Structures are given as structure tokens and as C-alpha cells.
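[1] quick one, what's the 3D model for this:
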Amino acid sequence: MNVTRGFTGRPRVHDPGLPPGQYDAREDWPVLSAEVTPDLRPADWTFRIDGLVESPHTWDWDSAHALPASAYDGDIHCVTGWSKFGVRFGGVSLDAFFNVVRPHESATHAIATSHTGYTANLPLADLTGGRAWIAWEYDGRPLPPEHGGPARLLVPHLYFWKSAKWIAGITVLDHDEPGFWERNGYHARGNPWEEQRYSGD
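    Down below sits the predicted model:
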């Protein structure tokens, strides 16, 4: 795991706008990765949704950008303790991708996979209804590689380990299946407002 300064030693001051145990990172955006940042160019990036769907589909950079643009303006929260207020990500709502593949009625969960092999599990309900994005811009600029560029999953209402960097695909399932951090003791869902950091929280 690669950790930059900012993950430890910050005071936890109560703020009603912060989930419990979090601090405001302000202008900092700490970098935390379970893997080495890949050399992945937009021209080589692809995103696929498969599993329990009517029409599995793969998008390249251009075809993904041809979908209706969408943006997220709000806050993000990392399980290590930092939060950032008022961030802006640009990309495409996952709903637009799911409209193409059409998940089966039996679908309940999904596994997100990165181009590095990293995985994260999520309830399908957390990926639909305008709650998740494939994001390739931050603050109006291309998303930096260390923060998941060229494109990452964005699920801002959950702890940020669920927002898989360098997103490669989503496999739709009819059951829950743990991802990388979930197999290593982290919570299956990761709701910051309920402080679901670790298994059993």
C-alpha cells in the first residue's frame, strides 16, 4: 500500500457536516493505493459490464464519452479518515451504461474490477439511481493517474475504497462476493455515516 502524508496525525474535530471519525482534508487530496499506478492511456482504456445482464457490452474511450455527460458535485470520504467537501467530478452516470446492458431482475450485487486486478464489491442499489459514475475529470481537468485516471468508478456516498481506480469493468451478480479489501477485513458495504470501516462495524 502506498500512503502519502495526510493520513495520520490530523485532529478529529467534530463537524456536523463530517461523518464520524473524519477530518476535513481541505486542499489536500491524499493518495492511497493498494497497487502501483499503472501506465494506462485513454486510447488503451476499456470498460465492460457483464454477468447477469441482457447484453454484455464493452466501451472504449470514445464510445464511453459518446454517452450523456453527467457530473457529481459533493463530498467524498476515505476510510483512513479524511473527507473532502465540494469536489466536482465529470463523466457519465453508471445508469447510462446499465441502460445499455439491462441487468436481470435477479441481480442484487456487483464486483468492480480495475485494470490492475483490484476488486471491490457493491450492492447493485449503490450503483444505480444516480448514485454512481464513471469519472474521468476532476475540477474540470483530466483525472490524474494517481487518483484513478484515465477513468475511475465513483460511488461518493460510500467510503472511497469502493470507488475503484482505473476501472475496467463491472460484473453483475445475484449474490455478494467480497473484493480485495473486504477479504482483508474491511466492511462489506462501507457507509461512512454509519462508520462501517471494518467487518463487524
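[2] could you use CA atoms for every contact and neighbour count after this?
    Noted.
[3] contacts for the host helix or strand of Asp95?
    Of the helices and strands defined by DSSP states H and E, Asp95 is found in helix 94-101. With contacts defined as CA atoms under 8 Å, 6 or more residues apart in numbering, helix 94-101 is touched by 49-50, 53-57, 67-68, 127-130, 132-134.
[4] can you tell me how far the residue nearest in space to the middle of the chain is from Ala120?
    A centroid search over the chain (CA atoms, centre = their mean) returns Ser163, at 1.2 Å, as the residue closest to the centre. In this view, Ser163 and Ala120 are 8 Å apart by CA to CA, to the nearest Å.
[5] returning to that earlier point: is it true that the residue nearest to the centre of the chain touches Leu154?
    Yes: between Ser163 and Leu154 there is a contact at 4.7 Å, judged by CA atoms under 8 Å.
[6] which residues does Ile76 form beta bridges with?
    Going by DSSP bridges, Ile76 is paired in beta bridges with Lys84.
[7] for it, give its distance to Pro38.
    Relative to Pro38, Ile76 is positioned 23 Å away (CA to CA).
[8] the two: which has the busier surroundings?
    Neighbours were tallied for Ile76 and for Pro38 using other CA atoms under 10 Å; the higher tally belongs to Ile76 (20 against 13).
[9] ok, back up a step: residues contacting the residue nearest to the centre of the chain?
    The neighbours of Ser163, taking CA under 8 Å, 6+ apart as the test, are Ala120, Arg152, Leu153, Leu154, Val155, Pro156.
[10] need the contact list for the residue nearest to His115 when sequence neighbours are not counted.
    Spatial nearest neighbour of His115, chain neighbours left out: Ala168 (5.0 Å); criterion: CA to CA, 6 or more residues apart in numbering. The contact partners of Ala168, by CA under 8 Å, 6+ apart, come to Trp45, Thr46, Phe47, Arg48, Ala112, Thr113, Ser114, His115.
[11] which one of the residues you listed is nearest to His175?
    Of all the contacts of Ala168, the one with the least separation from His175 (CA to CA) is Ala112, at 13.8 Å.
[12] hey, C-alpha coordinates of the helix holding Asp95 in PDB?
    Listed next in PDB are the C-alpha coordinates belonging to helix 94-101 (Å, rounded to 0.1, in the frame of the first residue of the first chain):
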ATOM      1  CA  LEU A  94     -23.500   4.400 -14.400                       C
ATOM      2  CA  ASP A  95     -27.200   4.400 -15.100                       C
ATOM      3  CA  ALA A  96     -26.400   5.300 -18.800                       C
ATOM      4  CA  PHE A  97     -24.200   2.200 -19.000                       C
ATOM      5  CA  PHE A  98     -26.700   0.000 -17.300                       C
ATOM      6  CA  ASN A  99     -29.400   1.200 -19.700                       C
ATOM      7  CA  VAL A 100     -27.400  -0.500 -22.500                       C
ATOM      8  CA  VAL A 101     -26.800  -3.800 -20.800                       C
END
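[13] which parts of that helix are buried?
    Within helix 94-101, the residues scored as buried using 16 or more other CA atoms under 10 Å are Leu94, Asp95, Ala96, Phe97, Phe98, Val101.
[14] from Arg48, how far out is the first one?
    This means Leu94. Remark: distance between Leu94 and Arg48 (CA to CA) = 12 Å.
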